[in-house]
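Undergrad: Predicted structure and sequence below. I'll ask about it afterward.
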Amino acid sequence: MTSPFDLRLPEPERRRAAGLVTRWRDLLYVPGPDFTSPLDPGLYRSSFVIVPAEGRAVRVSSFVVPAFGGELCRLRLEPLVSFRGENLGSFFEPGRRGVVYAMSPDRKTGAARPPDRPGWSYQGPSLAPSLAQPARARVIRERATGGSGDAAFTWVADRGVAFTGSDGRDVLLLAGADGSEHALLISGASLYRALIAPGAPETPGATVKELLGYGDWGSDLRVQVESHPL
């Protein structure tokens with residue numbers, strides 16, 4: 001077997017993720033089209049900003065690379081020196097929905113406006129009661145193998161970080177390969193529970209392989225998930 005293609009979190013990002021088990025002042029997102037999923041309530045697609053009570057804010061997005069005839073990804077956690085919080089929506093204060101930028105009818109100028117279209121901003125209950133003080137965090141790691149003989153391949157990737165809130169609820173930040181600027185945030189009961197709790201029964205049509213975006217990679221691709229405490 002060849003050495004696996006390695007997309008685990010670099011050590012600075014792993015330490016950054018572990019350092020987020022602390023008090024949060026806010027959890028922010030970039031509003032806009034495709035923010036919500038019509039098929040899976042509680043799933044949101046954006047780039048996110050975690051604002052701890054002390055220290056720098058952390059931007060959460062996806063790092064995407066081409067490999068093995070497709071695209072692989074891992075979660076990316078970057079420190080922010082500064083950001084414009086008024087432009088972003090808040091999961092802690094849902095009334096703060098941020099702004100989106102739209103072109104004028106003549107397409108000569110752009111202007112900021114509230115994200116007033118359905119599904120462009122967060123409309124649920126505040127996540128502050130759960131996530132203002134996460135109790136623990138885990139890395140969600142995928143291991144995959146496929147092919148045979150000289151065409152065999154394998155990879156390992158840190159796809160996400162799951163935070164367990166003070167009330168025991170889990171929120172998963174998951175990398176996706178459909179855009180380097182976006183990750184997924186999954187809150188509440190969801191088909192994605194199978195990723196947070198490896199070994200849990202899979203749902204037909206929403207297996208671990210399909211949830212991770214490999215449903216069309218062929219039957220010879222085998223994918224497993226692991227959960228590693230931070």
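TA: Noted; the coordinates are in hand.

Undergrad: Every contact and neighbour count from this point should use C-alpha atoms.
TA: Fine.

Undergrad: in what helix or strand does the closest residue to residue 139 other than its chain neighbours lie?
TA: Nearest residue to residue 139, sequence neighbours excluded (CA to CA, 6 or more residues apart in numbering): residue 161, at 4.6 Å. Following DSSP states H and E, one finds residue 161 within strand 153-164.

Undergrad: Ok, residue 195 next?
TA: helix 193-196.

Undergrad: the helices in the protein, which residues?
TA: 11-18, 128-131, 193-196, 208-211 (DSSP state H).

Undergrad: Which of these has the lowest mean pLDDT?
TA: Among these, helix 193-196 carries the lowest mean pLDDT, at a mean of 88.

Undergrad: other SSEs contacting that one?
TA: Counting contacts by 3 or more CA pairs under 8 Å, 6 or more residues apart in numbering; DSSP states H and E, helix 193-196 packs against no other helix or strand.

Undergrad: CA atoms of it as PDB?
TA: Only the C-alpha atoms of helix 193-196 are listed here, as PDB (Å, rounded to 0.1, in the frame of the first residue of the first chain):
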ATOM      1  CA  ARG A 193     -24.900  12.400  13.100                       C
ATOM      2  CA  ALA A 194     -23.200   9.400  11.500                       C
ATOM      3  CA  LEU A 195     -20.000  11.500  11.100                       C
ATOM      4  CA  ILE A 196     -20.000  12.800  14.700                       C
END
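
Undergrad: Roughly how far does residue 45 sit from residue 121?
TA: 10 Å (CA to CA, to the nearest Å).

Undergrad: ok, the two, which is more surrounded?
TA: The residue with more neighbours, out of residue 45 and residue 121, is residue 121; 29 against 26, by other CA atoms under 10 Å.

Undergrad: next one: phi and psi at that one?
TA: Main-chain dihedrals, residue 121, degrees, to the nearest 10: phi -150, psi 170.

Undergrad: Nearest residue to it in space, please, no chain neighbours.
TA: Spatial nearest neighbour of residue 121, chain neighbours left out: residue 31 (5.3 Å); criterion: CA to CA, 6+ apart.
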